[in-house]
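Chemist: coords below, sequence missing:
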Ligand SMILES: [Cu+2]
């Protein structure tokens, strides 16, 4: 199959081998995209229809295991509400005393969050209250937490779909 695809008839060698190089490049690109897609879909974040909870997922550099739940599910559009964020080490030990910055938005619409949610320590070890969360339209949102604890800083992004 591959041999046939990449075989060039005599007389058309130059144009044909250019085409073959492009085909090989496209094949590599496709494999790369497939690998990235597979890596992304294996993240168990925010199952569709249940955006009020997410995670636990590992932060980008693997320093923290993070999950959230909306304090008053389900998430209603245009309603200011609070998220409870749980931050643990990869081994499951609570991470207390972290400084957490909140960012997010709708990448497809190129806009950010309509509010500036603030994270503060919660009641339990490794738990934080993120107050002032609001989403003003349905669709695909992301919320990113930048977590600094001791000399470790790492970021985690939750995708969520609001109906
Ligand atoms: Cu939008």
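Modeler: On my side now, so go ahead. Note that the coordinates shown come from a computational prediction; the quantities given were computed from them, not determined experimentally.
Chemist: okay, now residue 50: neighbour count?
Modeler: Counted with other Cβ atoms under 10 Å, the neighbours of residue 50 add up to 13. Where you see a C-beta, it was placed from the backbone N, CA and C, and this is true even at glycine.
Chemist: likewise for residue 57?
Modeler: Other residues close to residue 57 by other Cβ under 10 Å number 18.
Chemist: same question, residue 110
Modeler: 7.
Chemist: report pLDDT for it.
Modeler: What the model reports as pLDDT for residue 110 is 98.
Chemist: and this protein, what are its domain boundaries?
Modeler: For the chain, automatic domain parsing gives the domain ranges 2-41, 53-162.
Chemist: so which of those is the most surrounded?
Modeler: Most buried of the domains of the chain, by mean neighbour count (mean count of other Cβ atoms under 10 Å): domain 53-162, with a mean of 16.
Chemist: who's in contact with residue 158?
Modeler: 45, 46, 54, 55, 57, 68, 142, 143, 144, 145 (Cβ atoms under 8 Å, 6 or more residues apart in numbering).
Chemist: look at the nearest residue to it once chain neighbours are set aside and give its secondary structure.
Modeler: In space, not counting the residues next to it along the chain, residue 158 is nearest to residue 54; the distance is 4.4 Å by Cβ to Cβ, 6 or more residues apart in numbering. Three-state call for residue 54 (DSSP: H, G, I helix; E, B strand; the rest coil): strand.
Chemist: do the same with the one 3 residues further on
Modeler: Reducing the assignment to helix, strand or coil with three-state DSSP, the entry for residue 57 is strand.
Chemist: quick check: it touching residue 156?
Modeler: Yes - counting by Cβ atoms under 8 Å, residue 156 is a contact partner of residue 57 at 6.2 Å.
Chemist: who touches both of these two?
Modeler: Common neighbours of residue 57 and residue 156, using Cβ under 8 Å, 6+ apart, are residue 66.
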